[in-house]
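1. sequence below, structure please.
(2 chains, ligands or ions: 2)
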Amino acid sequence: MIQVKGLEVRYGAVTALQDVSLQVDEGECVAVLGANGAGKTSLLRAISGFAPTAAGEIRFKDESIVGQRPENIVRSGMSHVPEGRGILGQLTVRENLELATAPWRRRGDSIDEDLERVHSLFPKLAERRDQRAISLSGGEAQMLAIGRGLMARPRVMLLDEPSLGLAPVIVTRVFDVLEEVAAQQLALLIVEQNAKQALRVADRVYVLSQGNVVMEGPAAEVRDDPKMAEAYFGV
Amino acid sequence: MLQLTVAGVALGSIYALVAIGFVIIYRATGAVNFAHGDMVTVGAFAALWATTVLEAPILVSWLVAVLMLGVLGMLTYRFVYRPLRHHPFLAVAIATLGLAFVFRGVLFVIFGPQPAALPSPVGGGAVSIGGAVVSRHLLLIIGVTAVLVVSQALFFRHTFLGKSLRATAENQEVARMLGLRTNRIILWTFAYGAGLAAVAGVLLAPVRFVTLDLGFGVLLKAIVGAIVGGFGSLPGALVGGLIVGLAEVFGASLISSAFRDTFAFGILIIILLVRPHGLFQVKAEEKV
Ligand SMILES: Nc1ncnc2c1ncn2[C@@H]1O[C@H](COP(=O)(O)OP(=O)(O)OP(=O)(O)O)[C@@H](O)[C@H]1O
Ligand SMILES: [Mg+2]
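-> Ligands and ions are numbered 1, 2, ... in the order given. All right, here's what the predicted structure looks like:
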């Protein structure tokens, strides 16, 4: 579904990623773990077209997408749930969800079934549908961000630190839902600092440190590997 | 009294239309458009051209003016804003000021310096309401503005494009993450904003004469209105525009017409002293 080869991302003199290669297969759930500043956000933004690719190759559905406009990448079936959630606070919860159908919706298409599905995953969003999204709590906002990602009917969803700033109970809830959607043939690429939760839902894991992939393998193996802790918390 | 109120609301409606167009473009791009006033002028001249050269009926000439300005708005986006979109605020502002002079220059070459008259579709007559004599055209100005403001509000609330415009204005990057083609959306915003300027131009022309300076002063007052209302807010632009129009008309008639421009700025200073962010304060998070 997604193949990244030799990716390099630079911001002026700062190199955020170098020679990063990774792959997400159809229906697979992949986690990328990394500490602060490891380059997780840069990786996702390069894939969805927001960060410039200095070198390397990014393929989505067997097509190179380097240099494509982000909105067109999203429209071809890739949702991006950004760091900090990217909620449109002046719009209502429903409007946030509705706009996310832009990739597939044509005049007259109904979005009710999709809304129904998101509401059943996140009942709180149904309760608050007509409120301005700015009034949501952090957990609800993250649910809205994920719900929005699903409304696009994506083939793959990129999630940038969905646990950020949330209470542990809420983090567990969010990852329960991610586990549930991952079971429905949607591919997920989750970047996280919260290794415990990410390893719980992921099939495969990459560890990113200072812009390099330092380790990769099946989640089950990495979970029990002491080197993992070193790679992740070392530096 | 009724007469003055109608005149004030009519003038305020023009300011409001201009302020709304100005603010809509500001919200979509984060940049000001100092050519907006001259777009009002171009709109009036476009209608004049349609009535004289094409011999079109007045209402058709209005349509021609609005469509032409819509296209001009799109061209402005494509050739002024887009190339400069990563440049500082001031660079874009100055570029639009330059554009204003380009518009003027072109109009001068085509139409020359003589003022011309653009008639109103309702003629020059007046109606009597409760003993007061009120110009039909002023009532038309108010009616057209009311219809536009209401349809615009419905459009922003209830259509997909309207919601996309609000999303783009709030956070363009997030809008793109949702798959919205923000370039196109901003293009339509410019078309709409410039179209509103044309409406203001054709509504104002029968009251003022069509001259090269028609829109410039109007833009200044409209910006005052937008600031009075709370810069960036659309309801603020409407209410602020009306306040400035009413202040100008009542001030000129009750105190002295020599100071008519002073009243707009007087109101601005008073309101900003009481409410530094204007009447409809735009919250910080709304601007981001
Ligand atoms: N827009 C930018 N301009 C300059 N440097 C940047 C920019 N964005 C990121 N960087 C730098 O690139 C490196 C990687 O940043 P990135 O945000 O990708 O890391 P991250 O793993 O997402 O970190 P965090 O856990 O803080 O979200 C950091 O050194 C950061 O300072
Ligand atoms: Mg990050």
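
2. who's the residue nearest the centre of chain A bridged to?
-> With distances taken as Cα atoms, centre = their mean, residue A:159 lies nearest the centre of chain A, 1.4 Å away. Bridge pairing for residue A:159 (DSSP bridges) gives the partners residue A:81, residue A:190.

3. how close does it get to residue A:191?
-> Using Cβ to Cβ, to the nearest Å, residue A:159 is found at 7 Å from residue A:191. Where you see a C-beta, it was placed from the backbone N, CA and C, and this is true even at glycine.

4. list the residues that contact the residue nearest to the centre of chain A.
-> With contact taken as Cβ atoms under 8 Å, 6 or more residues apart in numbering or on different chains, residue A:159 is in contact with A:81, A:146, A:149, A:178, A:188, A:189, A:190, A:191.

5. which one among those residues gets closest to residue B:192?
-> When the contacts of residue A:159 are ranked by distance to residue B:192 (Cβ to Cβ), residue A:149 comes first, at 30.2 Å.

6. for the closest one, which non-adjacent residue is spatially closest?
-> The spatial neighbour of residue A:149 that comes closest, neighbours along the chain excluded (Cβ to Cβ, 6 or more residues apart in numbering or on different chains), is residue A:79 at 3.7 Å.

7. name the SS class of the one you found, please.
-> The three-state assignment at residue A:79 reads strand, by DSSP: H, G, I helix; E, B strand; the rest coil.

8. try residue A:129
-> Following three-state DSSP, we place residue A:129 in the coil state.

9. how about it, nearest residue that isn't a chain neighbour?
-> For residue A:129, the spatially nearest residue (Cβ to Cβ, 6+ apart) is residue A:94, at 4.4 Å.

10. host element of that neighbour?
-> helix A:93-99 (DSSP states H and E).

11. now that helix: buried residues?
-> The neighbour-count criterion (16 or more other Cβ atoms under 10 Å in any protein chain shown) identifies A:93, A:94, A:95, A:96, A:97, A:98, A:99 as the buried residues of helix A:93-99.

12. could I get stretch A:156-169 in PDB with only the CA atoms?
-> Listed next in PDB are the C-alpha coordinates belonging to stretch A:156-169 (Å, rounded to 0.1, in the frame of the first residue of the first chain):
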ATOM      1  CA  VAL A 156      -4.800   3.800   4.700                       C
ATOM      2  CA  MET A 157      -4.900   6.200   7.700                       C
ATOM      3  CA  LEU A 158      -1.800   8.000   9.000                       C
ATOM      4  CA  LEU A 159      -2.000   8.900  12.700                       C
ATOM      5  CA  ASP A 160       0.400  11.300  14.400                       C
ATOM      6  CA  GLU A 161       0.700  10.700  18.100                       C
ATOM      7  CA  PRO A 162      -3.000  10.000  18.800                       C
ATOM      8  CA  SER A 163      -2.100   9.700  22.600                       C
ATOM      9  CA  LEU A 164      -0.600  13.200  22.800                       C
ATOM     10  CA  GLY A 165      -1.900  15.100  25.900                       C
ATOM     11  CA  LEU A 166      -4.600  12.600  26.800                       C
ATOM     12  CA  ALA A 167      -5.300  10.900  30.100                       C
ATOM     13  CA  PRO A 168      -4.200   7.200  30.200                       C
ATOM     14  CA  VAL A 169      -7.800   5.900  30.300                       C
END
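
13. right, is that stretch up against ligand 2?
-> No - if you take Cβ under 5 Å from the ion as the test, stretch A:156-169 misses ligand 2, and the best it gets is 6.0 Å.

14. other SSEs contacting the helix holding residue A:94?
-> Taking 3 or more Cβ pairs under 8 Å, 6 or more residues apart in numbering or on different chains; DSSP states H and E as the contact definition, the neighbouring helices and strands of helix A:93-99 are helix A:112-121, helix A:138-151, helix B:160-170.

15. reformat those as a markdown table; add distance to residue B:54, mean neighbour count and mean pLDDT.
-> Conversion of the helices and strands packed on helix A:93-99 to a markdown table gives the following (distance: least, Cβ to Cβ, whole Å; neighbours: other Cβ atoms under 10 Å in any protein chain shown; pLDDT from 0 to 100):
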| stretch | distance to residue B:54 | mean neighbour count | mean pLDDT |
| --- | --- | --- | --- |
| helix A:112-121 | 49 | 15 | 95 |
| helix A:138-151 | 48 | 24 | 96 |
| helix B:160-170 | 31 | 21 | 95 |
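
16. turn those into JSON lines, columns for distance to residue A:216.
-> Conversion of the helices and strands packed on helix A:93-99 to JSON lines gives the following (distance: least, Cβ to Cβ, whole Å):
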{"stretch": "helix A:112-121", "distance to residue A:216": "30"}
{"stretch": "helix A:138-151", "distance to residue A:216": "24"}
{"stretch": "helix B:160-170", "distance to residue A:216": "37"}
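
17. out of the ones you listed, which is closest to ligand 1?
-> Put simply, out of these the one that sits nearest ligand 1 is helix A:138-151, at 14.9 Å, with distance taken as Cβ to the nearest ligand atom.

18. now that closest one against helix A:112-121, angle please.
-> Here the directions of helix A:138-151 and helix A:112-121 differ by 150 degrees (axes from the mean of the first three to the mean of the last three Cα atoms, to 10 degrees).

19. wasn't residue A:105 part of a strand?
-> No - Residue A:105 sits outside any strand when classified using three-state DSSP, being coil.

20. tell me which parts of chain A are close to ligand 1?
-> Applying the criterion Cβ under 6 Å from any ligand atom, the portion of chain A that neighbours ligand 1 consists of A:11, A:14, A:16, A:34, A:36-42, A:83, A:193.

21. change it to 5 Å
-> Where chain A comes near ligand 1, counting by Cβ under 5 Å from any ligand atom, the residues are A:11, A:14, A:16, A:36, A:37, A:38, A:39, A:40, A:41, A:42.

22. quick one, what contacts the second one?
-> This points to residue A:14. Taking Cβ under 8 Å, 6+ apart, one finds nothing in contact with residue A:14.

23. quick check on it: phi, psi?
-> Note on residue A:14: backbone dihedrals following degrees, to the nearest 10 are phi -80, psi 130.

24. got phi/psi on the residue of chain A at minimum distance from ligand 2?
-> Chain A approaches ligand 2 most closely through residue A:41 (3.0 Å), counting by Cβ to the ion. Phi and psi for residue A:41, reported as degrees, to the nearest 10, are phi -60, psi -40.
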